[in-house]
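Peer 1: Give me the fold of what follows.
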Amino acid sequence: MNADVQNPSFEHWLAGARASAQQPPKLPRQPLLVAGQVVGSVAEGFMNKIGLHRLLDKRFKLSNSEHSGAPAWHLDVPTGAATEALNTLAAALRDADLCGPWRNEQLAVCNPAGEVVATVERGAVRVLGITTRAVHLVGLAPDGRMWVQKRSMTKPNNPGLWDTLMGGMVSAADSLPQALARETWEEAGLRVEALHGLRHGGHVDFSRPSREGGGAGYMRERIDWFCAQVPEGMEPSNQDGEVERFDLLPLDGLRTQVAQGLFTLEAGLVIAGYLGQ
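Peer 2: Numbers count the residues shown, from 1 in each chain. Below is the predicted model of the structure:
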């Protein structure tokens, strides 16, 4: 085997990772509007796979008609019922085996101005092309090594791959700081107020096809990442059963493992941001 394949450079990996994070949809997509506001998109023909009578029975009307000169799906709902309507649609997708893993977790649904107009089950966001937010924490030891976690083999996404010290979704109930604090405790057993030098480091944007919905999904996500030092004598300890173990890696070894594809794409790009690349 070619030595470059066995030992890919971090820079080569990074170029491919950035291209992978920004990809057009594999299938043509049509806007999804709820109560007249664009909140996502769906693959052409996707909505025809579910029994639309499920929505009519619940006072909601789903139709395909023009928006800004092109076909779009419109979910018309009574005032104040956008969340109920979207979750009814999510349940219909689940019953047809057309959404991602069901989490019983609500995520915010925003219009193009960033205003929250509803919430929806996490398992439906990618098939509906709804933009989500996530948070990661880069945790450093006093000697400069980085704390990383190995994801549990029972995780629905990327089981067994390595990740940053913490990575999780921002739920509808959380602000960004609240999500950071909650996920840091659940995944690593650490209180953010006990960490040193906590700061916002940057963000990574994703727009790429998703396997969910039989390949009809589209991931749109903003990951805000933070970094902080884990004080001497303090070690992470998983609380929610989603982490197999933690490890400390020197930065050179970290680059090598990321380049070998041992980390999730999201974690690798966050780590690249921390490294200034």
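Peer 1: Phi first, then psi, for Q260.
Peer 2: phi -80, psi 0 (degrees, to the nearest 10).
Peer 1: is it true that it touches P8?
Peer 2: Yes: Q260 is within contact range of P8, at 6.8 Å (criterion: CB atoms under 8 Å). The way it works is simple: take the backbone N, C-alpha and C, and place the C-beta from them, glycine included.
Peer 1: who's more crowded, these two?
Peer 2: Between Q260 and P8, P8 has the larger neighbour count (other CB atoms under 10 Å), namely 16 against 13.
Peer 1: Now do the contacts for the residue lying closest to the more buried one once chain neighbours are set aside.
Peer 2: Excluding the flanking residues, the one nearest P8 by CB to CB, 6 or more residues apart in numbering is A259, at 4.7 Å. A259 makes contact with N7, P8, S9, F10, H12, W13 under the criterion CB atoms under 8 Å, 6 or more residues apart in numbering.
Peer 1: will you turn these into a markdown table that also has secondary structure, distance to G167 and pLDDT?
Peer 2: What follows is these, written out as a markdown table (DSSP: H, G, I helix; E, B strand; the rest coil; distance: CB to CB, whole Å; pLDDT from 0 to 100):
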| residue | secondary structure | distance to G167 | pLDDT |
| --- | --- | --- | --- |
| N7 | coil | 26 | 56 |
| P8 | coil | 23 | 71 |
| S9 | coil | 24 | 91 |
| F10 | helix | 20 | 92 |
| H12 | helix | 24 | 94 |
| W13 | helix | 19 | 95 |
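Peer 1: Which members of these are classed as buried?
Peer 2: Buried by 16 or more other CB atoms under 10 Å: P8, F10, W13, out of the contacts of A259.
Peer 1: Check the gap between the first one and G268 for me.
Peer 2: According to CB to CB, to the nearest Å, P8 stands 12 Å off from G268.
Peer 1: from the buried ones among the contacts of A259, which is closest to L86?
Peer 2: W13 (37.3 Å; CB to CB).
Peer 1: Does P101 touch A124 like I think?
Peer 2: No: here P101 lies out of contact with A124, judged by CB under 8 Å, at a distance of 10.5 Å.
Peer 1: These two - which one has more neighbours?
Peer 2: Per other CB under 10 Å, whichever of P101 and A124 has more neighbours is A124, with 28 against 11.
Peer 1: what kind of secondary structure is the closest residue to that one other than its chain neighbours in?
Peer 2: Nearest residue to A124, sequence neighbours excluded (CB to CB, 6+ apart): A90, at 3.7 Å. Using DSSP: H, G, I helix; E, B strand; the rest coil, the structure places A90 in helix.
Peer 1: Next one, pLDDT for A90 please.
Peer 2: The model reports A90 with a pLDDT of 94.
Peer 1: What separation is there between it and R191?
Peer 2: Taken as CB to CB, the span from A90 to R191 is 34 Å.
Peer 1: And the two? Which one has more around it.
Peer 2: A90 (21 against 11).
Peer 1: Surely the more buried one and G100 touch.
Peer 2: No: between A90 and G100 there is no contact under CB under 8 Å: 10.1 Å.
Peer 1: shared neighbours of these two, anything?
Peer 2: G123, A124.
Peer 1: Now do G202 against L251, distance only.
Peer 2: G202 is 17 Å from L251, by CB to CB.
Peer 1: ugh, wrong one, V170
Peer 2: Taking CB to CB, one finds V170 at 28 Å from L251.
Peer 1: Give me the more crowded residue out of the two.
Peer 2: V170 (23 against 14).
Peer 1: got the phi/psi numbers for the more buried one?
Peer 2: phi -90, psi 110.
Peer 1: That one contacts A179, correct?
Peer 2: Yes: using CB under 8 Å, V170 is in contact with A179, at 4.2 Å.
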